[in-house]
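Colleague: I would like to see how this sequence folds:
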Amino acid sequence: MTRALADVLAANIHQYIVHTPIAPGTRLPERALAEQFQVSRSPVREALKRLAAQAVVAAHPDGGYAVAEAVMPAAAAASEPETGDANEQTYLAIAEDRLAGDLPERVTENELMRRYGVTRAQLNAILRRMAQEGWIERRPGHGWMFQPVLTSAETYRQGYRYRLLIESAGILEPTFQLDRAALLRCRAEQEVLANGGVRTASPAVLFDANSRLHETIAACSGNAFIVDGLRRLDRLRRLMEYRKAVDRDQAERRCREHLTLIDLLLTDQREAAADFLKLHLHNAVREKTSD
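Modeller: Next up is the predicted model:
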């Protein structure tokens, strides 16, 4: 189970509690929530643990969890920033400023702390995430250096054309071997998004879930160059994806297309899956470059 799946499911359960509404003290059976969101009980259990840490739910005397006595009302929940916390907002602000050319190639932690009004601990957490994602690295001795990313509409389109060349071809490679367990994990993640999670997920959560699926399929190809090429491209295009306004209807449709693609692969319809993936990518680039 991925961290992103638990994050999205926790947000969905929170919205479900405040919008239904469910009275404080009401028990939340794992089985019922699993059926509600069409996932297994394991991610429900993890999501409830996260909500307990946020005081949205509390331990029930008979086991499991119940709605906490003071859950944020629906109006307040709806007014929360989509990103969910201050670190996410700062992370996205840095991404936007970097794409806009408002940040130099080399920066220091003190400069970033002053510019974004964060503590050193907050900034360190954000910088670790950025470094793990491959768009910044620590300079020897002092400061940080941003790595190259896609910054223009044309290079963004070129990235999709490159994906059209390699991703569907990877499915037809003679070395292709399905990683069923990994693909089923991706399927559970996409189901949560398609069943409402896409409405509240941050751009980063959406990008991570969707790129994880495409990279999982590329890894099944058995061709190291295909999966390495896609991973490199994903690092380059990450910030461009964050910058684009999220059309929730389009995003939900793409998640449902992902489910179709996964099911074609799980039933060993590789040629049909390759053709469907081409159509999926054509649709995505048309929607994302139409503005």
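Colleague: going forward, measure contacts and count neighbours with C-alpha atoms only.
Modeller: Will do.
Colleague: tell me the domain ranges of the chain?
Modeller: Taking automatic domain parsing as the domain assignment, the ranges for the chain are 3-79, 86-146, 153-288.
Colleague: Can I get those domains in CSV including mean pLDDT and mean neighbour count?
Modeller: Rendered in CSV, the data for the domains of the chain read as follows (pLDDT from 0 to 100; neighbours: other Cα atoms under 10 Å):
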stretch, mean pLDDT, mean neighbour count
domain 3-79, 76, 17
domain 86-146, 88, 15
domain 153-288, 92, 18
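Colleague: host element of the most centrally placed residue in the chain?
Modeller: Within the chain, the residue whose C-alpha comes closest to the C-alpha centroid is residue 205; the distance, by Cα atoms, centre = their mean, is 2.3 Å. Taking DSSP states H and E as the criterion, residue 205 maps to helix 203-220.
Colleague: For that helix, C-alpha coordinates in CSV please.
Modeller: Written as CSV, here are the backbone C-alpha positions of helix 203-220 (Å, rounded to 0.1, in the frame of the first residue of the first chain):
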residue,chain,number,x,y,z
PRO,A,203,-1.5,18.2,-7.6
ALA,A,204,1.4,16.4,-6.1
VAL,A,205,-0.7,13.5,-5.0
LEU,A,206,-2.3,13.2,-8.4
PHE,A,207,1.1,13.4,-10.2
ASP,A,208,2.7,10.8,-7.9
ALA,A,209,-0.2,8.3,-8.3
ASN,A,210,-0.4,8.6,-12.0
SER,A,211,3.3,8.6,-12.7
ARG,A,212,3.7,5.6,-10.4
LEU,A,213,1.3,3.7,-12.6
HIS,A,214,3.0,4.5,-15.8
GLU,A,215,6.4,3.8,-14.4
THR,A,216,5.2,0.5,-13.0
ILE,A,217,4.0,-0.5,-16.5
ALA,A,218,7.2,0.6,-18.1
ALA,A,219,9.2,-1.5,-15.5
CYS,A,220,7.2,-4.5,-16.7
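Colleague: Please renumber the chain so that the first residue is 94 from this point on.
Modeller: From this message on, residue numbering opens at 94, which makes the last subject helix 296-313.
Colleague: where along the stretch 194-343 of the chain do the strands fall?
Modeller: Counting by DSSP state E, counting those that start in this stretch, the stretch 194-343 of the chain forms strands over residues 199-200, 229-231, 237-239, given from the N-terminal end onward.
Colleague: Please name whichever of these is nearest to residue 179.
Modeller: With distances scored as Cα to Cα, the stretch of the strands of the stretch 194-343 of the chain nearest to residue 179 is strand 229-231 (19.9 Å).
Colleague: residues making contact with that closest one?
Modeller: Residues outside strand 229-231 that contact it (Cα atoms under 8 Å, 6 or more residues apart in numbering): 220, 223, 224, 237, 238, 239, 240.
Colleague: In CSV, list the residues you listed along with distance to residue 275.
Modeller: As requested, these are arranged in CSV below (distance: Cα to Cα, whole Å):
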residue, distance to residue 275
220, 28
223, 25
224, 25
237, 34
238, 34
239, 31
240, 29
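Colleague: Out of these, flag the one nearest to residue 349.
Modeller: For these, the closest approach to residue 349 (Cα to Cα) belongs to residue 223, at 28.9 Å.
Colleague: Now the closest one: closest residue in space, sequence neighbours ignored.
Modeller: Closest residue in space to residue 223, ignoring its immediate chain neighbours: residue 229 at 5.9 Å, by Cα to Cα, 6 or more residues apart in numbering.
Colleague: separation between the one you found and residue 246?
Modeller: If you measure residue 229 against residue 246 using Cα to Cα, to the nearest Å, the figure is 22 Å.
Colleague: try residue 193
Modeller: Taken as Cα to Cα, the spacing of residue 193 relative to residue 246 amounts to 13 Å.
Colleague: Any idea what residue 151 is bridged to?
Modeller: According to DSSP bridges, residue 159 are recorded as the beta-bridge partners of residue 151.
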